[in-house]
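1. quick one, structure for this:
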Amino acid sequence: MTLIDLASDPSAVVRKAVAARTDAPAQALRPLTRDHDRQVREAVARNPSTSVANLLRLVKDADRWVRWAVAGNPACDESVRRVMSEAPDKELRGLLAEMRELEPDLAARLIDDVSPEVRERLATHTHDPDVITALMADRTARVRKGVARNPRTTAEQRSALAQDPVVDVRAALVRAVELDEADLERLVDDRSVEVRLAMATSEVLPPHIRRALERDPDDTVADAARGFRPASGNSSVIRAPRVGHRPSRTDPGRPGGAAR
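-> Alright, predicted model coming up:
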């Protein structure tokens, strides 16, 4: 039997196996994009041999896991990304926001996304200097917090973030990126214990600043600075998004199972 024949097999297990085959012809994959079994459609959405036309159909699928799987497909091109940018699915737009090769006009659209989470994810992952500049002025603190975690900010932008009125923004900054000496000296005396504690446990903090924190008036900060050990799991490392990854069936959350 050919793969085209097996694509109509009564067993969903067989149809899913065909859907995942990178050598499956378009004639076999096309009907599987409309399969009644979600896992079959998801397998097609993940298949790098799936045509753009089929991805455009699947990115509008009624099942969220199928839509999210499209975002991780290497065949996902500009036409698919444009559909994603207009999708009512906030998570799908968030996955788009985390893509490195994002067209400038789509990034500009996401700057004004109605969801602060989408804007935060764009702020954290964008490589576009204009997008970073625009999101620096976002009125929502969690978006500026995303910018603070972005290693592609300029020294001037980091200095501005070091003076952000929101504690969470300053704390995220000191955990994620290296700062100029003047900013570090200012933050070592930050009015927030949370910010100083974040410094004390930051992987990117210079040793002489950590030694200064060992004399912090707050015992928790001082003890954290004294007890710090590199690579002890204290850093907030930005990891590449697990685009389209589906956790166990018991976890109804975001791809990767991590809540934001």
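
2. so who does residue 215 touch?
-> Counting by Cβ atoms under 8 Å, 6 or more residues apart in numbering, residue 215 makes contact with residue 222. The C-beta positions use only the backbone N, C-alpha and C, and glycine is treated the same way.

3. element containing it, please.
-> Element membership for residue 215, per DSSP states H and E: none, as it lies in no helix or strand.

4. from here on, call the first residue 179.
-> Noted, 179 is the first residue going forward, which turns the last one into residue 393.

5. any idea how far it is from residue 365?
-> 15 Å (Cβ to Cβ, to the nearest Å).

6. what's the answer for residue 405, then?
-> Here the distance between residue 405 and residue 365 works out to 20 Å (Cβ to Cβ).

7. those two: who's more crowded?
-> More neighbours surround residue 365 than the other of residue 405 and residue 365, with 23 against 11 (other Cβ atoms under 10 Å).

8. quick one: residue 313 from residue 277, how far?
-> Residue 313 is 16 Å from residue 277, where distance means Cβ to Cβ.

9. neighbour count: these two, which is higher?
-> Shown here are residue 313 and residue 277; by other Cβ under 10 Å, residue 313 has more neighbours (24 against 20).

10. so where's the protein uncertain?
-> 410-438 (pLDDT under 70).

11. run the last query once more with 90
-> 179, 278-279, 408-438 (pLDDT under 90).

12. right, and residue 246 touches residue 270 too?
-> Yes: Residue 246 lies in contact with residue 270 (Cβ atoms under 8 Å); the separation is 6.5 Å.

13. now do the strands in the stretch 229-378 of the chain.
-> Applying DSSP state E, counting those that start in this stretch to the stretch 229-378 of the chain gives no strands.

14. can you get me a residue count around residue 195?
-> Taking other Cβ under 10 Å as the criterion, the count of residues near residue 195 is 16.

15. just checking, next helix/strand downstream of the helix or strand that contains it?
-> For residue 195, the element it lies in under DSSP H and E is helix 190-197. Counting by DSSP H and E, the next helix or strand C-terminal to helix 190-197 is helix 204-210.

16. by contact count, what packs against that following helix?
-> Here helix 204-210 touches helix 181-184, helix 190-197, helix 216-224, helix 230-236, going by 3 or more Cβ pairs under 8 Å, 6 or more residues apart in numbering; DSSP states H and E.

17. so of those, which one's packed in deepest?
-> Sort the helices and strands packed on helix 204-210 by mean neighbour count, taking mean count of other Cβ atoms under 10 Å, and helix 216-224 sits at the top with a mean of 24.

18. now that helix and helix 190-197, what's the angle there?
-> Helix 216-224 and helix 190-197 are oriented at 10 degrees to each other (axes from the mean of the first three to the mean of the last three Cα atoms, to 10 degrees).

19. report all helices and strands that helix 216-224 contacts.
-> With contacts taken as 3+ Cβ pairs under 8 Å, 6+ apart, helix 216-224 sits against helix 190-197, helix 204-210, helix 230-236, helix 242-249.

20. rebuild the ones you listed as a markdown table, extending it with distance to residue 303.
-> Formatted as a markdown table, the helices and strands packed on helix 216-224 follow (distance: least, Cβ to Cβ, whole Å):
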| stretch | distance to residue 303 |
| --- | --- |
| helix 190-197 | 30 |
| helix 204-210 | 30 |
| helix 230-236 | 22 |
| helix 242-249 | 13 |
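
21. and of the ones you listed, who's closest to residue 257?
-> helix 230-236 (6.2 Å; Cβ to Cβ).

22. distance between that closest one and the chain's centre?
-> 23 Å (Cα atoms, centre = their mean, to the nearest Å).

23. for stretch 301-316, same thing?
-> 14 Å.

24. what does stretch 281-288 give?
-> Using Cα atoms, centre = their mean, the offset of stretch 281-288 from its chain centre is 16 Å.
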